[in-house]
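**Student:** Fold the following.
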Amino acid sequence: MSNTPTYRFLAALVDGGGTVPPELGAVRRLVERGHDVAVLAEDSTASEVHASGARLLRWSKAPNRPDRRPENDPYRDWEVDNPLQLFERLIETQFVGPARGYVTDLTEAIAERRPDLVLCSQFAFGAMIAAEAAGIPFVVLMPNAYLLPAEGAPPFGLGLQPARGPLGRLRDRAINGLTQRQWDGKALPRLNALRAELGLASLEHFWDQVHHAHAELVLTSAAFDFPARLPATARYVGPVLDDPSWTEPWAPPPGADPLVLVGLSSTYQDQVDCLQRIADALGTLPVRAVVTTGPALDPSVVQAPPTVSVVASAPHARVLEHAAATITHGGHGTVIKSLAAGVPMLILPHGRDQADNAARVTARGAGITIRRTADSGRIAAALRTLLDDATYRRRARQLGAAVRRDAESARLVRELERAAAAERSRIP
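**Tutor:** The predicted structure is shown next:
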């Protein structure tokens, strides 16, 4: 480290549940390299920020939830069935509504710390604007498959497979055109008004704010995502496989039956009924299982048979060393860790990016997707198929080899240090 320059990094992070461990994994790696890192974060992630070794700065004007309990979730997407209403809630609670608060808080933090580089959560548009207005380069961390429209990739949010032939390409153009008009019509004017207050030029399209980044760092494996032509600023840097710092010690339960890991989210997504149906299904099969409820739920909400252990948390990476299958909602963190361990998945998407992650898993033959409303009999039958057909595990292992290689590549840290070095060399 003595021959490596040290830089000042400032991270502006939003508590997205499963996005937090990989984002703070990036922070921890920078701290371990000897860099000066501070993190603007919500109180719900305070212990995780401290565990990373970075300095915690709390959001003041921007949203700051005290914990991950459902009553403190500003998004509350589980309450919404109408897609247009969900879209408007995204604008008001994540992208545009809180933007001014992010601008205020990050502007103050930049003035205090004068970082070489700002790291932004993909939802923190106000933080991106503040960094741009201050003349500080920023990168956007994307701990998912690539979320934004890209040539060759199916539109995100619908769980679609890549287009085949002219009709498929027409499908993609039509959906992308419709969604772009929605974002540009409902969200862009307010975003541009805020940019104008800070002396910044207007954007032509809403997602251009992300493309103004020095880099869009996609924290997954290119082998997992669907092939696409990404913007010049976007690049895959490999997944971060860190478990959350709040996981508790775990030991495999006794017995020789196959072990199944169940994890449906670290945030509330109205998953209690689904967890119960999964537990009931597991009780009908010759398996052992561990169900992790996460910090948003008390384990007592699930009534489990003797062969199923229900706990608040467990280190998924360690559980997966022993697992024959994973049952998951399809969040990127659980999916990518399961693949890295060569473990096939039964996926019951609940929303957000989960159907899209499921589409990528099933396209590679590494898992099975069923509806979240499936009854216990359907869940048991699908899990039995997953365990009995060795093809799923073989395909998961094949894809997992590329995932592990990319996770071990250190490209993420190299990209962050390179961006900070470019800013340092620019300053006279």
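
**Student:** Buried residues in the one helix or strand Leu84 maps to, which are they?
**Tutor:** Leu84 is part of helix 83-90 when elements are defined by DSSP states H and E. Using 16 or more other Cβ atoms under 10 Å as the test for burial, helix 83-90 gives 87-90. The C-beta positions use only the backbone N, C-alpha and C, and glycine is treated the same way.

**Student:** And the pLDDT at the residue nearest to Val319 when sequence neighbours are not counted?
**Tutor:** In this structure, Val319 finds its nearest non-sequential neighbour in Leu261, 4.9 Å apart by Cβ to Cβ, 6 or more residues apart in numbering. As predicted, Leu261 sits at a pLDDT of 98.

**Student:** For Leu261, list each beta-bridge partner.
**Tutor:** Val290, Thr326 (DSSP bridges).

**Student:** Leu346 too?
**Tutor:** Under the criterion used (DSSP bridges), Leu346 bridges to Ile327, Ile368.

**Student:** Now do the contacts for it.
**Tutor:** Going by Cβ atoms under 8 Å, 6 or more residues apart in numbering, Leu346 touches 325-328, 367-370, 379, 382-383, 386.

**Student:** Arg372 now?
**Tutor:** 274, 329, 348-350.

**Student:** give me that answer again for 6 Å
**Tutor:** Under the criterion of Cβ atoms under 6 Å, 6 or more residues apart in numbering, the neighbours of Arg372 are 274, 348, 350.

**Student:** so the nearest residue to the second one once chain neighbours are set aside, which of the three states?
**Tutor:** Looking back up the chat, that one is Leu348. Counting by Cβ to Cβ, 6+ apart, Leu348 lies nearest to Arg372, which is 4.4 Å off, once chain neighbours are set aside. For Arg372, the assignment made with DSSP: H, G, I helix; E, B strand; the rest coil gives coil.

**Student:** Please point out which parts of stretch 290-309 sit buried.
**Tutor:** So for stretch 290-309, counting by 16+ other Cβ under 10 Å, buried means 290-297, 299, 302, 304, 307-309.

**Student:** again, but for stretch 150-168
**Tutor:** 150, 153-157, 159-160, 162-163.

**Student:** what about that stretch, how long is it end to end?
**Tutor:** 14 Å (Cα to Cα, to the nearest Å).

**Student:** what's in contact with it?
**Tutor:** Under Cβ under 6 Å, 6+ apart, the answer for stretch 150-168 is 147, 169, 172, 175-176, 226-230, 355-356, 359.

**Student:** Among those, which one has the most neighbours?
**Tutor:** Among the contacts of stretch 150-168, Asp356 has the most neighbours (other Cβ atoms under 10 Å), with 24 neighbours.

**Student:** The nearest residue to Ala374 once chain neighbours are set aside: neighbour count?
**Tutor:** Using Cβ to Cβ, 6+ apart and skipping the chain neighbours, the partner closest in space to Ala374 is Leu348 (6.7 Å). The number of residues packed around Leu348, counting by other Cβ under 10 Å, is 26.

**Student:** what ranges do the helices span in the stretch 301-428 of the chain?
**Tutor:** Assigned by DSSP state H, counting those that start in this stretch, the helices in the stretch 301-428 of the chain fall at 316-320, 332-340, 354-363, 376-388, 390-407, 411-426.

**Student:** what's the angle from the longest one to helix 376-388?
**Tutor:** Relative orientation of helix 390-407 and helix 376-388, computed by axes from the mean of the first three to the mean of the last three Cα atoms, to 10 degrees: 70 degrees.

**Student:** For helix 390-407, which outside residues touch it?
**Tutor:** By Cβ under 6 Å, 6+ apart, helix 390-407 touches 221, 223, 238-239, 241, 339-340, 342-344, 364-366, 386.

**Student:** Arg371: neighbouring residues, count only.
**Tutor:** 10.

**Student:** Just the pLDDT at it, thanks.
**Tutor:** As predicted, Arg371 sits at a pLDDT of 96.

**Student:** Give me the phi and psi angles of it.
**Tutor:** Dihedral angles of Arg371 (phi, psi; degrees, to the nearest 10) stand at phi -70, psi 150.

**Student:** Next one: the closest residue in space to it that isn't next to it in sequence, what pLDDT does it get?
**Tutor:** Excluding its sequence neighbours, the residue lying closest to Arg371 (Cβ to Cβ, 6+ apart) is Leu348, at 6.8 Å. Reading off the confidence values, Leu348 has pLDDT 97.

**Student:** can you give me the helices in the stretch 101-250 of the chain?
**Tutor:** 125-134, 165-186, 188-197, 208-211.

**Student:** and the ones you listed as a markdown table, adding mean pLDDT?
**Tutor:** A markdown table is the format used below for these (pLDDT from 0 to 100):
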| stretch | mean pLDDT |
| --- | --- |
| helix 125-134 | 98 |
| helix 165-186 | 94 |
| helix 188-197 | 98 |
| helix 208-211 | 97 |
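
**Student:** tell me the most buried of the ones you listed?
**Tutor:** Mean neighbours per residue, mean count of other Cβ atoms under 10 Å, is largest over the helices of the stretch 101-250 of the chain for helix 125-134, with a mean of 25.

**Student:** tell me the two of the contacts of helix 390-407 that are most distant?
**Tutor:** Within the contacts of helix 390-407, Gly238 and Leu386 form the most distant pair, 26.6 Å apart (Cβ to Cβ).

**Student:** ok, Thr284 - how many residues close by?
**Tutor:** Residues within reach of Thr284, counting by other Cβ under 10 Å, total 16.

**Student:** Then Gly331?
**Tutor:** Neighbours of Gly331 (other Cβ under 10 Å): 28.

**Student:** Please tell me how far Phe226 sits from Gly185.
**Tutor:** Distance, Phe226 to Gly185, using Cβ to Cβ, to the nearest Å: 28 Å.

**Student:** Since that was my last question, I'll sign off now.
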